[in-house]
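>>> Please find the sequence and the predicted model below.
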Amino acid sequence: MGCRSVTHIFTTKKFILSLMMFSFWAAFGISPFIVVFLREQKLDSVSIGTILSINSFIGIFGHSVWGTVSDKIKSVKKVFLFCLAACSSTYGILLTARTALAIGVVLAVDTFFRSGVASLLDIWFVGCTGGDDRVSYGSLRLWGSIGFAAVVMFYGRISEGNSVRAIFPYYFFFVLITLVIGSLIKYGGAPPVRTPGVKGQDQGRLFSNSYYVVFVIFIFMISLPNNPSQTFLPNLFEEVGGDMGQYGFMHSVKAFIEVPFFFFGKKLLDRFGSVRIVISAAMIYTLQHFLFSIASTPVQVILTQFLLGPAYSLYLMGMLYYIHELAPEELKTSAQTLASALGNGLSSIVGNFGGGLFIKYIGLRMLYRFGFVSNIVTITLFLLSFRIIGQLKGKRMTGAKEAKL
């Protein structure tokens, strides 16, 4: 293979986007350790749940704000780069915070910027792959999982026997790489073009779509127990006698397990459809809650967490593509950000705050048992909703025909 061929490989769209996805999620490998950082600061489950709940409330506005801004200035890329740079600066300030109030304020500011980063990157890259059969979102996102997996294990090794503060310099390094690559990319940075006359208030059209409304409710109900389940996973891991090396290993392997599901994601979507993919993911989440509720050793917790690999990857792809199918062309960006804000955002507020109180007054294991039952009910109602909406639409059509007669 000649130099020209090698150079061509390293300058292709797929390679550049894959590298950026790798570096972004390598940076975000720090995410599982933020709760560990808060526990290092001697904050209890109620305080942690309250801080994360407030942050989730702020995140709702962040999602909407950054989605609207990207539509207004017609650049997902610029908003993504700005938010990533801003929220990384706040992590630098976080290292100087000492009190619960100071930590809460810094994380609240961080959340405002961070809330839209991952979804903006997804929207940007879905736009980059649109109409290009050579590159799919799943083939890019799998490199994010590889980056996350490789670095989170490294973070676990570093923090074992040391403060979590030791991993922050590596986080800043990967963020810098992401910002440099992102600034060099010249394609796919614009959101779907709005048609003339479409205004912000016309987003209300999304809520006239019964399937979209029901799906947002479904996202909320599934995420309601899933958020505290992951937030307080360090509590469960400590309860069964695990250490930070095992904790990092657990998240690393979980991310590697995502890779084949992202790799074959397009084929799975084409064969089974986005709705079936989402339901399958929700069922895996349900099984995970049950297994967490009975786990008694670090190995059992680790093996159960591995289920998050297929659950997360299938859920993310199914959700993105289903919303993409439901939303009109000029509102696809807003549809994604609204669903994320109202579904994931609201559930984080209720789930994290309620989860902290739940653990204090009822117990950690009961939190997982509640999630198991809640998810079963949610999946059942979601499946029934298709028949109910179909019947209602059929009655409306029949009524309209009779009125004409």
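Cool, got the structure.

>>> any low-confidence regions in the protein?
1-11, 129-134, 187-204, 394-405 (pLDDT under 70).

>>> just how off-centre is stretch 139-147 within its chain?
14 Å (C-alpha atoms, centre = their mean, to the nearest Å).

>>> would you list every one of the helices in the stretch 201-350 of the chain?
Along the stretch 201-350 of the chain, the segments classed as helices by DSSP state H, counting those that start in this stretch run 210-231, 233-239, 244-263, 265-272, 274-294, 298-305, 308-326, 332-339, 346-361.

>>> could you say what helices and strands the second one packs with?
Using 3 or more C-beta pairs under 8 Å, 6 or more residues apart in numbering; DSSP states H and E as the contact criterion, the secondary-structure elements in contact with helix 233-239 are helix 34-40, helix 244-263, helix 298-305, helix 364-404. (Glycine included, C-beta is placed from N, CA and C.)

>>> what does the longest one give?
Other helices and strands packing on helix 210-231, by 3+ C-beta pairs under 8 Å, 6+ apart, are helix 45-73, helix 274-294, helix 308-326, helix 332-339, helix 346-361, helix 364-404.

>>> Does residue 94 touch residue 105 like I think?
No - in this structure, residue 94 is not within contact of residue 105 by C-beta atoms under 8 Å, at 10.0 Å.

>>> about what we covered before: can you tell me which of the helices and strands packed on helix 233-239 is most buried?
Highest mean neighbour count among these (mean count of other C-beta atoms under 10 Å): helix 244-263, with a mean of 21.

>>> relative to helix 308-326, how tilted is it?
Counting by axes from the mean of the first three to the mean of the last three C-alpha atoms, to 10 degrees, helix 244-263 lies at 40 degrees to helix 308-326.

>>> Next, the angle from helix 244-263 to helix 265-272.
Between the axis of helix 244-263 and that of helix 265-272 there is an angle of 60 degrees, by the same axes, to 10 degrees.

>>> Any chance you could list what contacts helix 244-263?
With contacts defined as C-beta atoms under 8 Å, 6 or more residues apart in numbering, helix 244-263 is touched by 25, 29, 32, 36, 138-139, 141-142, 144-146, 148-150, 152-157, 159-161, 234, 237, 242, 268, 298, 301-302, 305-306, 308-310, 312-314, 317.

>>> let's see 6 Å
For helix 244-263, the surrounding residues in contact (C-beta atoms under 6 Å, 6 or more residues apart in numbering) are 32, 138, 141-142, 145, 148-149, 152-153, 155-156, 159-160, 237, 298, 302, 305-306, 308-310, 313-314.

>>> filter those to the buried ones?
Buried residues within the contacts of helix 244-263, counting neighbours by 16 or more other C-beta atoms under 10 Å: 32, 138, 141-142, 145, 148-149, 152-153, 155-156, 159, 237, 298, 302, 305-306, 308-310, 313-314.

>>> Please identify the helix or strand for residue 174.
Under the criterion of DSSP states H and E, residue 174 resides in helix 168-184.

>>> who's in contact with residue 391?
Contact criterion C-beta under 6 Å, 6+ apart gives no residues in contact with residue 391.

>>> Use 257 as the first number for this chain going forward.
Shifting the count to begin at 257 puts that one at residue 647.

>>> now it: how far from residue 632?
For residue 647, the distance to residue 632 (C-beta to C-beta, to the nearest Å) stands at 23 Å.

>>> Over to residue 312?
24 Å.

>>> Residue 295 now?
With C-beta to C-beta as the criterion, residue 295 and residue 632 are 31 Å apart.

>>> Equivalent analysis for residue 354, please.
With distances defined as C-beta to C-beta, the gap from residue 354 to residue 632 amounts to 43 Å.

>>> Would you mind finding the most buried of the helices of the stretch 457-606 of the chain?
helix 588-595 (a mean of 24).

>>> For that one, name the packing helices and strands.
helix 301-329, helix 564-582 (3 or more C-beta pairs under 6 Å, 6 or more residues apart in numbering; DSSP states H and E).

>>> for that helix, the distance to its chain's centre please.
Average the C-alpha atoms of helix 588-595, do the same for its chain, and the two points are 14 Å apart (C-alpha atoms, centre = their mean).

>>> Tell me what angle that helix forms with helix 564-582.
On the basis of the same axes, to 10 degrees, helix 588-595 is oriented at 130 degrees to helix 564-582.

>>> now the angle between helix 466-487 and helix 588-595, please.
Taking the same axes, to 10 degrees, one finds that helix 588-595 is oriented at 50 degrees with respect to helix 466-487.
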